[in-house]
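K.L.:
I'd like to go over a predicted model; first the sequence, then the structure.
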Amino acid sequence: MTWDFIILGLVLAAIVSVFVSTLMTAASPLPTSAAVRETMMAMLPADIDGPIYELGSGWGGLAVALAGRYPASQVRAYEVSVLPWAASRLRALLSGPENLSVRFGNFHKVDLSDAALVVCYLPGPAMEKLKPKLAADLKAGALVASNTFALQGWTAADEKTASDIHMSRVYLYRVA
């Protein structure tokens, strides 16, 4: 077997893994644009007292930014698609920050009861599936920041439009 076939096999396996996880979760691993990241960071408080969870962390750009901004908080990034998880895990190992952990797994099985902030970029159906978990797990005062997709039936404490080409909406919720 030549290196060409090995590389082709690895590339095809990576593509299939992203495709399969997208079918399973109804959410593809899309990166958060710099404009949306800046808008979201501007909406968040200066300090976060407790763990931060990024649900569906994709390639890890937002998780790294959150960990850099909040060095006193643990940032726990969850991804279920193998290729983006591996890329973000490698990124975290090579560049830190030390308060960032990138975990492979289904965030629906994670206890979020200690979360101070939950961040997500999930399409409408995935947000609807997540909503009961957030309502059950999160304590009063916890924040939820969402890129593009609102939590239907929840009232945002703040809402802004990013200056990206899509004019993406960013929502910030505070659990009552």
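P.N.:
Sure thing, it's come through. Residues are numbered from 1 along each chain as shown.

K.L.:
what about the helices in the chain?
P.N.:
Listed in chain order, the helices of the chain (DSSP state H) span 3-25, 34-43, 61-69, 82-95, 124-137.

K.L.:
ok, residues contacting stretch 99-107?
P.N.:
Outside stretch 99-107, the residues within contact range by Cβ atoms under 8 Å, 6 or more residues apart in numbering are 53, 55-57, 60, 63-64, 66-67, 70-80, 82, 85, 88-89, 91-92. For glycine as for every other residue, the C-beta is placed from the backbone atoms N, C-alpha and C.

K.L.:
buried stuff in that stretch?
P.N.:
Using 16 or more other Cβ atoms under 10 Å as the test for burial, stretch 99-107 gives Asn99, Leu100, Val102, Arg103, Phe107.

K.L.:
buried among the contacts of stretch 99-107? Need that as a selection in ChimeraX.
P.N.:
Entered in ChimeraX, the line below selects the buried ones among the contacts of stretch 99-107, by 16+ other Cβ under 10 Å:
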select :53,55,56,57,60,63,64,66,67,70,73,74,75,76,77,78,79,80,82,85,88,89,91,92
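
K.L.:
list the contacts of Met41.
P.N.:
When contacts are counted by Cβ under 8 Å, 6+ apart, Met41 touches Ala65, Arg69.

K.L.:
please tell me how far it sits from Ala157.
P.N.:
When distance is defined by Cβ to Cβ, to the nearest Å, Met41 is 16 Å away from Ala157.

K.L.:
same deal with Asp137?
P.N.:
Between Asp137 and Ala157 the computed distance is 19 Å (Cβ to Cβ).

K.L.:
what of Asp49?
P.N.:
As for Asp49, its distance to Ala157 is 17 Å (criterion: Cβ to Cβ).

K.L.:
mind listing residues that contact stretch 158-170?
P.N.:
Under Cβ under 8 Å, 6+ apart, the answer for stretch 158-170 is 33-36, 38-40, 42-43, 145-148, 150, 171-172.

K.L.:
format the buried residues of stretch 99-107 as a markdown table; extra columns: pLDDT and distance to Pro132.
P.N.:
Below are the buried residues of stretch 99-107 laid out as a markdown table (pLDDT from 0 to 100; distance: Cβ to Cβ, whole Å):
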| residue | pLDDT | distance to Pro132 |
| --- | --- | --- |
| Asn99 | 97 | 29 |
| Leu100 | 97 | 28 |
| Val102 | 96 | 26 |
| Arg103 | 96 | 22 |
| Phe107 | 94 | 13 |
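
K.L.:
can you list which of these are found in strands?
P.N.:
Leu100, Val102, Arg103 (DSSP state E).

K.L.:
pairing partners for the second one in the sheet, please.
P.N.:
Read it as Val102. Val102 has the following beta-bridge partners by DSSP bridges: Ala77.
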